[in-house]
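Enquirer: Kindly generate the corresponding structure for this input.
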Amino acid sequence: MTNKSNKNDIFFIGITIIIITLLHYFTISTKWEIHDFYRRLYYIPIIVSAFKFRLKGGVLSSLVISIFYAPHLFLYFRKFDIAILNQFLEIIMFVVIGIITGFLAESDFKRKKMLQIQIKKLTDLENFTQNILDSITNGLIAVDKNLKIKSINKDGREIFNLDEYFIEKEIDTLFADYEKLEGMLIEVIEGNKKMLNIETRCNSKNNKYLDVKLLAYPLKNITGKIDGLVLVIEDISEIKKLESQVRRADKLSAVGELASGVAHEIRNPLGIIKTISQTIKEDIKDNNIEEEEINEGLDIIIHEIDRANSVIKGLLDFAKPSVYQIKTQSINKLIKNIVLITNKYAQQHNVEINYTFEEDKNILIDGEKLKQAFINIIFNCIHAMPKGGKLNINLSKENSWVKISFEDEGIGIPRDKLEKIFEPFYTTKDTGTGLGLSITHRIIEEHNGYIKVESEIGIGTKLHIYLPDKSEKGE
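Expert: Numbers count the residues shown, from 1 in each chain. Reported below is the predicted structural model:
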């Protein structure tokens, strides 16, 4: 198509030059006004050639015209004078105009070509970028300062069930709790927040909601100013379902373990009670029992009933929600009081309790609950030292936490058992319900604290309790 167009242009230019030249040759030389008009017409094919074929066309057409027009001058003037000089200057002007026009056309052509190359590069880059965005498995949305959509990738359209014509529309219809979300997004745009990381719900297909994780990052221009946001949306609906199933399974597992523990702890006393009762019954039937033996059997039954009752009481204490009386208290005085209470029991087991503190701290606690937790820990430490030893208790401050450390010289806990010591009914002792440390763990958690345990077999165990260093509510 281009070759045919070029041929037509060449034909038009050639015919125009020939017609103008013939008009010169067939018009009498005395009609200079007409010859001047014809001569001006030569600029038409020169300019057309320059625009169509650029510098090469402009120069070539001007030279052809000069060759065609020059003989006309000698034919009619036959001598060299000022008039013919002016005509030769006109011929030079043909060439100059051809060169200038051709040069301008050439420059314009190169600029257009460069522009086309740049446009193609930008288009290719845009397509490449869009392909990358579409390859990302998360939804990506670019919004401006007014929270209007500027760009959205394939997964983003699928998550929100949108078409490509949703560009320039606001995102207010995309999220279920947009009113709360809008303020957070504006804070990121205004630079008050570096980014936003939140779990929310979005509107999806068939009027259904999807659980999504939303990340919002500032979108900056080349000057570093924030022009909008990049929103990364991850569909976490399946993860939420799995988490729900895991929680349900954990609850069932916990109920199973709890039932197993209760059954084990209750079955033993019941078995003993049954055995003693049957023995007494048979001995009474055979008249082969004395009052002392009956009393001894009844004492065992009462003891086992008390043991079963303590299991049930411990279970109720563990299961029921507790009411906490939180107030600012001296943690140092509390620990000193606990040491005083437990010291006699420790001495009976050849255990020496040493308490040290770096500084007294007044923090928000429920003194009675923490007393219960600390006594449970001290008793466990004492029981871990059957041959006696030292129990070192230390109160210190670590960053924004108050740290209470208990260090015994006991038998230690195997590494694979460390994670189980706070589980209900888990115990390594022959006696006890295995609920003491579980209750302790819950009390510390209710105080927004946490517990770290270190242990080495044959060396001992270190148990560190961390409580928030707060003396006022809302601090």
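
Enquirer: Strands of this structure, start to end?
Expert: Remark: strands assigned in the chain by DSSP state E are 139-144, 149-152, 196-203, 209-220, 226-235, 327-330, 351-357, 362-365, 389-398, 401-407, 450-456, 460-468.

Enquirer: Please spell out which residues along the last one are buried.
Expert: Meaning strand 460-468. Buried residues in strand 460-468, defined by neighbour count with 16 or more other C-beta atoms under 10 Å: 460, 461, 463, 464, 465, 466, 467. All C-beta atoms are positioned from the backbone trio N, CA, C, and that covers glycine.

Enquirer: and these as a markdown table, adding distance to residue 293?
Expert: Shown next, in a markdown table, are those (distance: C-beta to C-beta, whole Å):
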| residue | distance to residue 293 |
| --- | --- |
| 460 | 45 |
| 461 | 44 |
| 463 | 46 |
| 464 | 52 |
| 465 | 49 |
| 466 | 55 |
| 467 | 53 |
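
Enquirer: now, which of the residues you listed sits nearest residue 278?
Expert: residue 461 (43.1 Å; C-beta to C-beta).

Enquirer: Run a quick neighbour tally on the closest residue to residue 9 other than its chain neighbours.
Expert: Leaving aside its sequence neighbours, residue 9 sits nearest to residue 52 (C-beta to C-beta, 6 or more residues apart in numbering; 4.7 Å). Residues near residue 52, counting by other C-beta atoms under 10 Å, number 19.

Enquirer: Which residues does stretch 228-243 contact?
Expert: Residues outside stretch 228-243 that contact it (C-beta atoms under 8 Å, 6 or more residues apart in numbering) are 138-145, 147, 150, 156, 159, 171, 185, 188-189, 199, 202, 210-219.

Enquirer: ugh, wrong one, stretch 176-196
Expert: Contact with stretch 176-196 is made by 145, 147, 171-172, 175, 198, 200-203, 209, 214-218, 226, 228-229, as judged by C-beta under 8 Å, 6+ apart.

Enquirer: Repeat the analysis, applying 7 Å as the threshold.
Expert: For stretch 176-196, contacts defined as C-beta atoms under 7 Å, 6 or more residues apart in numbering pick out 145, 147, 172, 175, 198, 200-203, 209, 214-218, 226, 229.

Enquirer: Quick check: mean pLDDT of that stretch?
Expert: For stretch 176-196, mean pLDDT rounds to 85.

Enquirer: Restricting to C-alpha, output that stretch in PDB.
Expert: Provided in PDB are the C-alpha atoms of stretch 176-196 (Å, rounded to 0.1, in the frame of the first residue of the first chain):
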ATOM      1  CA  ALA A 176     -18.400  -4.200  53.900                       C
ATOM      2  CA  ASP A 177     -17.000  -1.900  56.600                       C
ATOM      3  CA  TYR A 178     -15.900   0.900  54.400                       C
ATOM      4  CA  GLU A 179     -16.800   3.700  56.800                       C
ATOM      5  CA  LYS A 180     -14.300   2.400  59.400                       C
ATOM      6  CA  LEU A 181     -11.700   1.600  56.700                       C
ATOM      7  CA  GLU A 182     -11.900   5.000  54.900                       C
ATOM      8  CA  GLY A 183     -10.400   6.800  57.900                       C
ATOM      9  CA  MET A 184      -7.500   4.400  58.100                       C
ATOM     10  CA  LEU A 185      -6.700   4.700  54.400                       C
ATOM     11  CA  ILE A 186      -6.800   8.500  54.600                       C
ATOM     12  CA  GLU A 187      -4.300   8.400  57.400                       C
ATOM     13  CA  VAL A 188      -1.900   6.500  55.100                       C
ATOM     14  CA  ILE A 189      -2.500   9.000  52.300                       C
ATOM     15  CA  GLU A 190      -1.800  11.900  54.700                       C
ATOM     16  CA  GLY A 191       1.400  10.300  55.800                       C
ATOM     17  CA  ASN A 192       0.200   9.700  59.400                       C
ATOM     18  CA  LYS A 193       0.800   6.000  58.900                       C
ATOM     19  CA  LYS A 194       3.500   4.200  56.900                       C
ATOM     20  CA  MET A 195       1.200   1.400  55.900                       C
ATOM     21  CA  LEU A 196      -2.000  -0.400  56.800                       C
END
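
Enquirer: buried residues in it?
Expert: 178, 181, 185, 188, 189, 196.

Enquirer: just stretch 154-163 next, same as before
Expert: Residues 154, 155, 156, 157, 159, 160, 162 are the ones in stretch 154-163 that count as buried (16+ other C-beta under 10 Å).

Enquirer: and if you look at stretch 329-347?
Expert: By 16+ other C-beta under 10 Å, the buried positions in stretch 329-347 come out as 329, 331, 332, 334, 335, 336, 338, 339, 342, 346.

Enquirer: my read: the residue nearest to residue 9 touches residue 8, true?
Expert: No: at 9.9 Å, residue 52 does not count as touching residue 8 under the criterion of C-beta atoms under 7 Å.

Enquirer: returning to that earlier point: take the contacts of stretch 228-243 and, keeping just the buried ones, write it as a PyMOL select command.
Expert: A single PyMOL command selects the buried members of the contacts of stretch 228-243 (16+ other C-beta under 10 Å):
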select buried, resi 138+139+140+141+142+143+147+156+159+171+185+188+189+202+210+211+212+214+216+218+219
